[in-house]
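> predicted model and sequence below, questions to follow.
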Amino acid sequence: MMRFTRVRAIGLRVVPLLALGALAGMSSGANGQYAATAPGLAAYFKPVTQGATTPDSDGFLRRWLLLEPIDKPNRSNTGFTATYVRQALTTQNFPGQFTAIPRDGQVVKATQPLRWHALETGAFNVKLFSFAKGLGKPTYGVIFWAVTIVDSPREIRDVRLAVGSNSASIWWLNGKETVGLFNDRRMVMDDVLSDRVTLRKGRNVLRGAVINGPGLSDFCVRFVDETGRPITDLKTDVR
Amino acid sequence: MTRVAAAALGLSVFLAAGPSPAAAQLQGETFIHDPSTVTESDGKYHTFGTRGGGLVSDDGWTWRGGPERPGGGVAPDVIKIGERYYVAYAIGGGGMSGGHASQVKIMWTSSLDPKSPRFKYHDVGVVASSDGVETVDAIDPAFLYVDGRLWLTYGTYFGPIRIIELDPKTGLRVAGNQPVDVAIDMEATAMMHRDGWHYLLGTHGTCCDGPNSTYHIRVGRSRSPLGPYVDHMGTPLLRGGGKLVVSARGRNIGPGHFGLIELDGGVEKFSMHYEADMNRSGRSVLGIEPLRWTDGWPVAGEKVVPGTYEVASERSGYALGLATDVVRIAFDPRRAFMARPTDHVSPVPDQTLAQDSAGWPQGRIRVDLADYMNRPHQLWTIGPAAGGGGYFGAPYYTITIAGTTRALAATAQGQVETVPAFTGATEQMWRIDQLTDGTYRIMPKSVPGGRVNLALIAIGASTPTLAKFDPTSPAGRWTFKQP
C-alpha cells in the first residue's frame, strides 16, 4: 500500500512539490540555536546545550550537526542502488565534506549557500523532513549531511554501528566508510549494522549522508555491542 | 508376535556396511534394531540395540559398531545420572522363545567406552518382571529422570505398558512401589518431560517384517507420570489412543523405538530405527530426525530437502541475497495503473540470471537481507556437500546461488559472504538444524581462525552475520521457502 501511494505521488504530486521546494530555496539564514525554536521545528528539535550529552537510554545518538538539504532530484527511490548512492554521496558538493568538523551556523558553499545547524532531537530518530520543512527548505529530492562527535570512555572493540534511514545513506566513522544502506528503505532501528569496528577511546567522528526522493527523510543511529545490546555510556557533542 | 518374527529373521545388529546409501541418510554401519537413547560418553555418542552391542559415532552422522553391552536381551535404554550410566534391558519375553516370561534388569557403568578405565558394568538386578502367565510382558524398558525422580516404563502389545519408580541413587526399585498401567497397544515406549507435561511415546503397528512393517510412533501426555495419558483428541492411551509422531517416509519404512536427543541451542532431535531402509537391502537401520513441537505436541520435523529456496529471516522476513545492485525489470507503472480491466494481459518474464548477474563482481560478494523479489541473487540451491560428512541426522550442506557455483562462506572476521565457486573448504559447508518451532538454524562447519559455535544471525533487520546462537531470539532462525 505504501508503495502504491508512493508511486502515485511521483506521478501526481512530487514534481510540483520539488519545484516549490526549489523556489523556497535558501530563505532562512537561521543558525542552530535560532532554528530549534523556529515554528514547526521546535516540536522535533531543541537547541544544543553547553557540555556534551549522552545517547538516550536505548543508545540512540541525539546531538547532531545537520546541513540544510542539498538539492538532488529523484522522482523515485527505486534507483537507489549501491552504485548510484555511493556515486551521489561521494560527489564533492561542498568544501570539507568528508573531513571538516563544521560549526553551528557555518555556511558552506554548495551550488547554493547551505548552513549547518547544531540540534538535538527529541526522539530516537532525527526527523530530517521536519528539519528541512521547518526551515522552509526542500524536503523531497534531497541529500542531508549529518556529523556528530562521539566520545568513548574507553576503546571498545567489536562494536557495530547500527543505522536505520529513509531512504538510502552512507556513514563514515573516523573517516572510513563503515556502513551503507541502499535501495528504497524505510527507517527501521537496527536495520543495517556495520561489520565489527573499534570505537577509539576519546573522540570519534561520525559522519553520514542521507539521500531521499519523495518521502519522510529521517535516520536513527546507535552503537551496539557484539550481542546487539546498545552502548549507552558514550557522550556526544558537536564541537 | 512381532518379537517372534524378529527372532526368526535374525535381525542383525551392526553388521558390515552395505552399499552406499542415499546422501540424506545416516552414514556408515547404521544397522541396529531397538536403539537405546543416544547418550554421550567420553566424547562419543553411543546407542545400544537388541542383542549385545550397539553403535558409536563422533558426530551423530557417521556410525560404526563398537560399544559393548553385557547381558544380551532386547531393547535396552540408557540414562546418565550423576557419574553413572544406568542401562536397562530385558531378558526373555517378547514372545521370543514362545513366551512372555521376562525380566527387566538394571546395570551401571561410569563410561560407555570400552577403552575407558572407568568402563565397568555393575549389576543392579531385576526391577520388573512378568511370569509368562499374566497378560503382561516385561520388555522394552525406558527411563525418565525428572525432578529428582527416576521412572521406568516397560511392556509390549501383550498386556499393558507399565510404569515403576526407581531409586536414582541405586537403580533399584523404590521399596513398596507398585507398577501402574498407563497404556495399551504399544511397545518400545519412551518418555519425555516438557512444560509440566509427561509424554509417553510408544510404537504402534507391526515390526520386524522389513518393507512390510507398519511400525510408527505415537504419543500421549499427562500432568502426572502415573497418568492418565491422553492424546490430542482426549482418547486415553489405556484405550488405544496416541497422536502420530512419525510414520514411514520415502524409502524409510516402519519407524519405531523413539529416543530424545537434546542438542545445544535448544535443538531437539530423536533417534529411532527404521524397520526397513529400502536403500540398504530393506535392513533395519538407525534414523535421526528433527523434533518439532506444535501446540504442546511433539512431531517429526524435516531435514532440508535439497532444492532451490528463498532463505528468509525470522527476524525481519527479509530474504538472504547477494549485496549487489538491484536490476530493474522494465516496467511502466503508469501504464499499468491506467490500463482498463479488459485490456489484454500477458506474462512478464522472470528476470534471468544473466540479466541479474551482469554487474556482479567476479570475486567475493557480501550478502544482505532485503525485500524478496524472486530475483536470481536471492535464490539459493541447497544440497548435501559431497564428502562433507554431517551432524546428528543431517549432512553438511552447500548453499549456492542457483544456476551458479557461487557459494555461501564464513570469513575469518566472523562475517558471511559468497565465494565464486565451492572449493570443498569447510567454511563453505553449512549445518542446518531444524528447530522445535519448525524454523532452521544455519551454522558453518568451521570458521577460518578457529572460532566455534557461530550461527547465521540477522544482527540487524537487513544485516546477516555470524554470531552466537540465542534460542530465545528470532534473529538466528531461518525458513526455506519455495520461490
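In hand now; what should we look at?

> so where do the helices sit in the chain?
Looking at chain A here, since you left the chain open. Counting by DSSP state H, chain A has helices at residues A:2-9, A:15-24, A:32-35, A:82-90, A:128-134.

> switch to chain B, please.
Going by DSSP H, chain B shows helices at B:2-9, B:333-338, B:353-357.

> what pLDDT is listed against the residue positioned nearest the centre of chain A?
Geometric centre of chain A, nearest residue: A:Ala146, 4.5 Å, by C-alpha atoms, centre = their mean. Listed pLDDT for A:Ala146 reads 98.

> with the one 5 residues further on instead?
pLDDT recorded at A:Asp151 is 98.

> which residues of chain A lie near chain B?
Counting by C-beta under 8 Å from any C-beta of the partner chain, the residues of chain A lying close to chain B are A:7-8, A:11, A:78-79, A:81-84, A:160, A:162, A:164, A:181, A:183, A:188, A:190-193, A:195-196, A:226-228. Bear in mind the C-beta positions are built from the backbone N, C-alpha and C, glycine included.

> what sits against the residue nearest the centre of chain B?
For chain B, the residue whose C-alpha lies nearest the mean C-alpha position (C-alpha atoms, centre = their mean) is B:Glu289; its distance is 2.6 Å. For B:Glu289, the contacting residues are B:246, B:269-270, B:272, B:300-303, B:393, by C-beta atoms under 8 Å, 6 or more residues apart in numbering or on different chains.

> dump these into a markdown table; add neighbour count as well.
Below are the contacts of B:Glu289 laid out as a markdown table (neighbours: other C-beta atoms under 10 Å in any protein chain shown):
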| residue | neighbour count |
| --- | --- |
| B:Val246 | 26 |
| B:Lys269 | 24 |
| B:Phe270 | 28 |
| B:Met272 | 29 |
| B:Ala300 | 21 |
| B:Gly301 | 23 |
| B:Glu302 | 13 |
| B:Lys303 | 21 |
| B:Gly393 | 23 |
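
> quick check: closest non-adjacent residue to the closest residue to chain A within the stretch 101-250 of chain B.
With C-beta to the nearest C-beta, the shortest gap between the stretch 101-250 of chain B and chain A falls at B:Asp195, namely 26.9 Å. Using C-beta to C-beta, 6 or more residues apart in numbering or on different chains and skipping the chain neighbours, the partner closest in space to B:Asp195 is B:Gly296 (6.9 Å).

> repeat for B:Trp61
Nearest residue to B:Trp61, sequence neighbours excluded (C-beta to C-beta, 6+ apart): B:Gly390, at 3.3 Å.

> what's opposite the one you found in the beta bridge?
B:Pro395 (DSSP bridges).

> contacts only, for residue 193.
Here I'm looking at chain A. A:160-163, A:179, A:224, B:459-460, B:463, B:465.

> oops, I was thinking of chain B
By C-beta under 8 Å, 6+ apart, B:His193 lies in contact with B:144, B:146, B:199.

> surely the first one touches B:Pro225?
This points to B:Leu144. Yes - using C-beta atoms under 8 Å, B:Leu144 makes contact with B:Pro225 at a distance of 6.9 Å.

> can you pull the residues that touch both of these two?
Residues touching both B:Leu144 and B:Pro225 (C-beta under 8 Å, 6+ apart): B:151, B:191, B:198.

> so of those, which ones are in strands?
Judged by DSSP state E, strands contain the following of the shared contacts of B:Leu144 and B:Pro225: B:151, B:191, B:198.

> which residue packs closest to the second one, ignoring adjacent ones?
Among residues not flanking B:Met191 along the chain, B:Leu144 sits closest, at 3.6 Å (C-beta to C-beta, 6+ apart).

> quick one: A:Asn74 and A:Gly215 touch, right?
No - applying C-beta under 8 Å, one finds A:Asn74 not in contact with A:Gly215, separated by 10.1 Å.

> least trustworthy helix or strand in the chain by mean pLDDT?
Looking at chain A here, since you left the chain open. Scoring the helices and strands of chain A by mean pLDDT, DSSP states H and E places helix A:15-24 at the bottom, with a mean of 33.

> which parts of chain B sit against chain A?
When proximity is defined as C-beta under 8 Å from any C-beta, chain B approaches chain A at B:323-326, B:328, B:333-334, B:337, B:359, B:368, B:370-371, B:413-415, B:459-463, B:465, B:467-468, B:475.

> just for chain A, where's the confidence low?
Applying pLDDT under 70 to chain A flags residues A:1-37.

> for it, which segments count as strands?
A:45-47, A:63-67, A:70-71, A:107-109, A:113-121, A:142-152, A:156-166, A:168-173, A:176-181, A:192-193, A:197-199, A:202-212, A:218-224, A:235-237.

> okay if I get these as TSV plus distance to B:Phe48?
Listed next are these as TSV, based on distance: least, C-beta to C-beta, whole Å:
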stretch	distance to B:Phe48
strand A:45-47	71
strand A:63-67	67
strand A:70-71	74
strand A:107-109	78
strand A:113-121	65
strand A:142-152	57
strand A:156-166	45
strand A:168-173	58
strand A:176-181	54
strand A:192-193	48
strand A:197-199	52
strand A:202-212	60
strand A:218-224	48
strand A:235-237	63
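
> out of those, which comes closest to B:Trp61?
strand A:156-166 (32.7 Å; C-beta to C-beta).

> who's in contact with stretch B:64-71?
Outside of stretch B:64-71, the residues within contact range by C-beta under 8 Å, 6+ apart are B:13-14, B:28-29, B:46-48, B:52-57, B:76, B:87, B:89, B:91, B:105, B:107, B:112-114, B:121.

> among the ones in strands among the shared contacts of B:Leu144 and B:Pro225, which one sits closest to A:Val238?
In terms of C-beta to C-beta, no member of those lies closer to A:Val238 than B:His198, at 62.9 Å.
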